[in-house]
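# What shape does this take:
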Amino acid sequence: LGGMFTLKAFIVVVLGGLTLWVYDHFLGHTPTAHRHVPPGTSIALRADAVQILTFAPVREHLWPLLLERPGDGDEDRDRRRRRIAETTGVDIPMDLREVVIASVDGRAWVAIVSGAIEPGRFVQGLSQVLSEEGIDSWALEGELLVHDRGPALGQATDGTIVLGTEVDITRAALPEGNEDPTLPLDTEGALSFWIGDSAYTAALDLLPRALPGRSDLAQVEQLAGEVTLSGEPRVTVRLVPRDGLGADVLAERIEDGIDKLRKATLLFPHDMFGAKKAMNDIAVHADRGIVQLSAPWPPEAIDGALARLAAAIRAGRRLGAR
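Take a look at the predicted model:
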């Protein structure tokens, strides 16, 4: 009986320790990236790194790209990952929790990353690794690591990492507490997005004027939505109509436009990345002044799209290395 009790106590201790480790490593860090959205942001995309990185197609096709360089083998990637973790205190991608990509004007962009990241180490540590790797295109300028073509990398006081396409937007995202309460950016799903009026209008101008339903889409002031990956992948979009237009009327017009698009896609035999199937299954309804569109997305289409993306990235790297 004493031996049985000892075994049970041992199992309890091990399971308890494992639970605490999992919580501390994966769940015990409050996401902070969305708190660093630059003031005046007009477009934002947020990704839950744990949900994204553990999604099978991402894990299979995109994970290996994070630390690859042309000509690398598995040993090179593992060595570089260990070296970066030792020097910066960040194990990529295991320590990442939340990623936000945002822009104020659609010209300069910033990627904001938070997770199990120790403050004050990343910029100096990465600079050291790059120097050891013989990469001289990045240089320290004060608290920032700046590329000779303009992008800049910094780290906020709470540990959040900020990479901008230029120095100014990187600096704008470093202070904590920038989160704009007017941005309806969901912080629970795998992927969420928000597009404000100015960014939405600019994006609409890129669509063909003959596109069915385009004039009705011009009656939208802003949109937000999310992508869920657990179970059956699903895309949901919520549209806010401009003043003077009822949500019921807008929903009816959008549904009519989608029906025309469905008929137009009959002329195309191929389903590009699952969009055709998703369009056939889309549901539209109005609720409390907002129009919501929701559709399941074929998992096999996502897998194929990410495989092609990974292949394109590798091809681009090979060309760039010549």
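
# For the stretch 51-200 of the chain, give me the ranges with low pLDDT.
Scanning the stretch 51-200 of the chain for pLDDT under 70 picks out 66-74, 77, 178-182.

# can you map out the strands along it?
96-103, 109-115, 138-141, 144-147, 152-155, 161-164, 191-195 (DSSP state E, counting those that start in this stretch).

# As JSON lines, those with mean neighbour count and distance to R318 would be great.
Yep, even glycine has a C-beta here, placed from its N, CA and C like the rest. Putting those into JSON lines (neighbours: other C-beta atoms under 10 Å; distance: least, C-beta to C-beta, whole Å) gives the following:
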{"stretch": "strand 96-103", "mean neighbour count": "24", "distance to R318": "26"}
{"stretch": "strand 109-115", "mean neighbour count": "25", "distance to R318": "24"}
{"stretch": "strand 138-141", "mean neighbour count": "14", "distance to R318": "22"}
{"stretch": "strand 144-147", "mean neighbour count": "18", "distance to R318": "21"}
{"stretch": "strand 152-155", "mean neighbour count": "23", "distance to R318": "25"}
{"stretch": "strand 161-164", "mean neighbour count": "24", "distance to R318": "24"}
{"stretch": "strand 191-195", "mean neighbour count": "22", "distance to R318": "29"}
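
# Take those and lay them out in a markdown table including distance to A247.
Below are the strands of the stretch 51-200 of the chain laid out as a markdown table (distance: least, C-beta to C-beta, whole Å):
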| stretch | distance to A247 |
| --- | --- |
| strand 96-103 | 27 |
| strand 109-115 | 32 |
| strand 138-141 | 49 |
| strand 144-147 | 45 |
| strand 152-155 | 42 |
| strand 161-164 | 37 |
| strand 191-195 | 18 |
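
# Which among those is found nearest to A301?
Closest approach to A301 among the strands of the stretch 51-200 of the chain is made by strand 191-195 (15.6 Å; C-beta to C-beta).

# and that closest one with strand 96-103, angle?
Following axes from the mean of the first three to the mean of the last three C-alpha atoms, to 10 degrees, one obtains 20 degrees for the angle between strand 191-195 and strand 96-103.

# Strand 191-195: partners in the sheet, and parallel or antiparallel?
Sheet pairing here is set by DSSP bridges, and for strand 191-195 it gives strand 43-48 (antiparallel), strand 220-228 (antiparallel).

# among those, which is the most enclosed?
strand 43-48 (a mean of 22; mean count of other C-beta atoms under 10 Å).

# Just put the strands paired with strand 191-195 in a markdown table and tack on mean pLDDT and distance to L267.
Shown next, in a markdown table, are the strands paired with strand 191-195 (pLDDT from 0 to 100; distance: least, C-beta to C-beta, whole Å):
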| stretch | mean pLDDT | distance to L267 |
| --- | --- | --- |
| strand 43-48 | 94 | 32 |
| strand 220-228 | 92 | 27 |
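
# May I see these organised as a markdown table, with distance to R171 added?
Shown next, in a markdown table, are these (distance: least, C-beta to C-beta, whole Å):
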| stretch | distance to R171 |
| --- | --- |
| strand 43-48 | 18 |
| strand 220-228 | 27 |
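
# So which of the ones you listed is nearest V104?
Among these, strand 43-48 sits nearest to V104 (C-beta to C-beta), with 8.6 Å.
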